[in-house]
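[1] Requesting a structural model of the entry that follows:
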Amino acid sequence: MRTILIIGATSAIAAATARLFAQDGDRLFLVARNEERLKATADDLAVRSRNLAGYRNLDVNVLEAHQSVLEDAEAALGGLDIAFVAHGTLPDQWRCQGSPELTVEEFRTNAVSTIALLTRLAERMERNGRGRIAVITSVAADRGRQSNYVYGAAKAAVDTFLEGLRQRLYKAGVGVTVIRPGFVDTPMTAAFSKGLLWTTPEAVARSIHAAIVKGKDVVYVPFFWRWIMLVIRFMPRSLFKRISL
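    Sure thing, here's the model as predicted:
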């Protein structure tokens, strides 16, 4: 039985992933901002599994609250094997372009709060000499595009941080898994037109579960996004700036 902390547990992807770990018999502690949705998610898992250790409300942008939440989670779990960080928002790029304040707010939620949490988690796991940190970033981090570069820049900052963190924690026996989803049909993307490249939270959750269990470093979800983003990353800048993406 593994002990697992899930931050951002009320997101569609995180909740679906939590159900898979519950089926494995793992012990879970859930953290999220919305208290009502958090309780509903916890109640659902409690029905599915007897191993729900507890849950706690957290606004990730209140950085000074991170430490006490992590302490409560580790105490309730009786140790910490896996920390899965899945919180985030999807900014309105057009609104961000006209508002430095909104841009900074979104960057704080999608990058700064995550990096702050990871700093505390890394310190804790490094001290224990074991464990795995798994974080959802995005294919948007691979190259800045006009349609979502505020979101992409925030996720790129987290990606770069995780690259360095992985190298540091490897020596302490702690692994780092980065999950880069493409288009996922969730409440956060409800207003988007859907097409062949879209997938479901349940499909993403299965890939996340497998990547964490197998100890993978980086996984694109679905797998074909690795090749799509490879083409986008290596497209000549002279061409890239002329196209709409």
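[2] what's the neighbour count on residue 201?
    20 (other C-beta atoms under 10 Å). Heads up, the C-betas are built off the backbone N, CA and C, glycines and all.
[3] Now do the same contact list for it.
    Contacts for residue 201 (C-beta atoms under 8 Å, 6 or more residues apart in numbering) come out as 12-13, 15-16, 184-186.
[4] Can you name the residues that contact residue 133?
    Per C-beta under 8 Å, 6+ apart, neighbours of residue 133: 82-83, 85, 118, 121-122, 125, 165, 169, 174-177.
[5] Could you report the neighbour count for residue 66?
    20.
[6] Residue 93 too?
    17.
[7] Equivalent analysis for residue 119, please.
    14.
[8] Am I right that it is in a strand?
    No - counting by DSSP: H, G, I helix; E, B strand; the rest coil, residue 119 is not found in a strand; it is helix.
[9] where does it land on pLDDT?
    We have a pLDDT of 98 for residue 119.
[10] Just flag the most distant two among the contacts of residue 133.
    Largest separation among the contacts of residue 133 by C-beta to C-beta: 82 and 165, giving 15.1 Å.
[11] okay, the contacts of residue 133 in JSON lines with neighbour count, distance to residue 156 and secondary structure next?
    Listed next are the contacts of residue 133 as JSON lines, based on neighbours: other C-beta atoms under 10 Å; distance: C-beta to C-beta, whole Å; DSSP: H, G, I helix; E, B strand; the rest coil:
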{"residue": "82", "neighbour count": "22", "distance to residue 156": "24", "secondary structure": "strand"}
{"residue": "83", "neighbour count": "28", "distance to residue 156": "21", "secondary structure": "strand"}
{"residue": "85", "neighbour count": "25", "distance to residue 156": "16", "secondary structure": "strand"}
{"residue": "118", "neighbour count": "20", "distance to residue 156": "15", "secondary structure": "helix"}
{"residue": "121", "neighbour count": "23", "distance to residue 156": "20", "secondary structure": "helix"}
{"residue": "122", "neighbour count": "22", "distance to residue 156": "19", "secondary structure": "helix"}
{"residue": "125", "neighbour count": "23", "distance to residue 156": "24", "secondary structure": "helix"}
{"residue": "165", "neighbour count": "22", "distance to residue 156": "15", "secondary structure": "helix"}
{"residue": "169", "neighbour count": "20", "distance to residue 156": "20", "secondary structure": "helix"}
{"residue": "174", "neighbour count": "23", "distance to residue 156": "23", "secondary structure": "coil"}
{"residue": "175", "neighbour count": "18", "distance to residue 156": "21", "secondary structure": "strand"}
{"residue": "176", "neighbour count": "26", "distance to residue 156": "16", "secondary structure": "strand"}
{"residue": "177", "neighbour count": "23", "distance to residue 156": "17", "secondary structure": "strand"}
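[12] which of the residues you listed lies closest to residue 71?
    So of the contacts of residue 133, ranked by how close each gets to residue 71 (C-beta to C-beta), first place is residue 121, at 11.8 Å.
[13] Correct me if wrong: that closest one contacts residue 82.
    No - in this structure, residue 121 is not within contact of residue 82 by C-beta atoms under 8 Å, at 10.4 Å.
[14] Let me have the contacts of residue 133 in a markdown table, adding distance to residue 34 as columns.
    Below are the contacts of residue 133 laid out as a markdown table (distance: C-beta to C-beta, whole Å):
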| residue | distance to residue 34 |
| --- | --- |
| 82 | 23 |
| 83 | 20 |
| 85 | 17 |
| 118 | 22 |
| 121 | 22 |
| 122 | 27 |
| 125 | 27 |
| 165 | 28 |
| 169 | 31 |
| 174 | 30 |
| 175 | 30 |
| 176 | 27 |
| 177 | 25 |
